[in-house]
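Novice: next input, structure requested:
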Amino acid sequence: MYKNQVTTWITDDVLESIYEDLRKKHYIKTGHRLYKNYSEYHIQEVSAKSIYWGHSGEPEIISSILARPCWPDGTFRILNRLWKPNMLTNPIFEINEGFVKLIEDQINWCELRKANGVFMSRQGDTAWREWAVIKLKEQSDLEFFLPDEKFLTCNNEESAECWQKIIYYGDIDQLTNWKNIPGVIKQGLVRLNMTDFKNLKDLVNTKASVKDIAADDISNILTYRSRWVEGMQKYYLNSDSKTHFMYGWYEDNVLISCMSWRCDLPSPWNDGWVVGNLKSRPGYTAVSYTHLTLPTNREV
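Specialist: Next up is the predicted model:
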């Protein structure tokens, strides 16, 4: 019927029958710690359902889209009630072609309904967020944001399980209207990762005034900044990397300056390292810590 594509629907008798058959088979596997989330009761509240059909034409990844009153208007949760019928692996830890197609299709469905933002979250585990965003960046043009806060994801504010860290896509300003538990305020020297991505973009975009520069030069500068941020996201904001490093200096959650370097040079220079970038926020004096000095208004 379908091959290597996603179908997302609200009402469709044929697709609904296929989905229900797969859900019932998944629900009876009581050894799964979250099997109750796939009961008929829980599925009734979803806004839409999705199936990714693999190259063989068989359903490979199942998911849904959800909206709740405790979230800001126009906010949807994608990859809701996610599972693979064959259960060989957890889909969230195997970001492949089908996984990306599923995300893109669900985001498109939400945007057609004037969504302000969409998010993904998992109960308990938060370490997967950075890894997942890096993998998604490698395979798509989607730009996700990792807030430091934990947000209310279900109606029971008394339950710790209802406060979760999220991966967010869309209008970041909407997050101010969402009940949350603030993250730890960052101070001093920090190795940067994907949770610092928004702050890094803000640092770059407020770096210097460009109003007196010719139009062509402005375009070049903005293009450079965009590509620089993409490079940092892909290579330097991975906290597990042993070859690319980026550190920053925070004052009350404001990223004042940053410095990155790499140490994967080819022989005969492989016993050294190269400083790739030095950046600092305008209006702040140079900050010195350990053996690094981050000068104001300098790009290397």
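Novice: in the helix or strand where residue 220 lies, what's buried?
Specialist: If you go by DSSP states H and E, residue 220 is part of helix 215-231. Residues of helix 215-231 classed as buried by neighbour count (16 or more other C-beta atoms under 10 Å): 225, 228, 229. Bear in mind the C-beta positions are built from the backbone N, C-alpha and C, glycine included.
Novice: beyond it, next helix or strand please.
Specialist: Next helix or strand after helix 215-231 toward the C-terminus (DSSP H and E): strand 244-251.
Novice: partners of that following strand in the sheet?
Specialist: Strand pairing for strand 244-251, determined by DSSP bridges: strand 188-191 (antiparallel), strand 254-262 (antiparallel).
Novice: about what we covered before: out of the buried residues of helix 215-231, which one sits closest to residue 113?
Specialist: The closest of the buried residues of helix 215-231 to residue 113 turns out to be residue 229 (C-beta to C-beta; 29.4 Å).
Novice: wait, doesn't that closest one sit right on residue 199?
Specialist: No - the criterion here is C-beta atoms under 8 Å, and residue 229 misses it with residue 199 at 11.3 Å.
Novice: show the average pLDDT along stretch 22-29.
Specialist: The average pLDDT within stretch 22-29 is 77.
Novice: distance from it to the middle of the chain?
Specialist: Per C-alpha atoms, centre = their mean, to the nearest Å, the displacement of stretch 22-29 from the mean C-alpha position of its chain is 29 Å.
Novice: just the buried residues of it, please?
Specialist: For stretch 22-29, the neighbour count (16+ other C-beta under 10 Å) marks 22, 23, 26, 27 as buried.
Novice: can I take it that the first one is in a helix?
Specialist: Yes - the assignment for residue 22 (DSSP: H, G, I helix; E, B strand; the rest coil) places it in a helix.
Novice: residue contacts, it?
Specialist: 59, 62, 85 (C-beta atoms under 8 Å, 6 or more residues apart in numbering).
Novice: now the second one: which helix or strand?
Specialist: Meaning residue 62. Here residue 62, judged by DSSP H and E, is contained in strand 59-66.
Novice: elements contacting that strand?
Specialist: Helices and strands touching strand 59-66, by 3 or more C-beta pairs under 8 Å, 6 or more residues apart in numbering; DSSP states H and E, are helix 13-27, strand 48-53, strand 75-83, helix 97-112.
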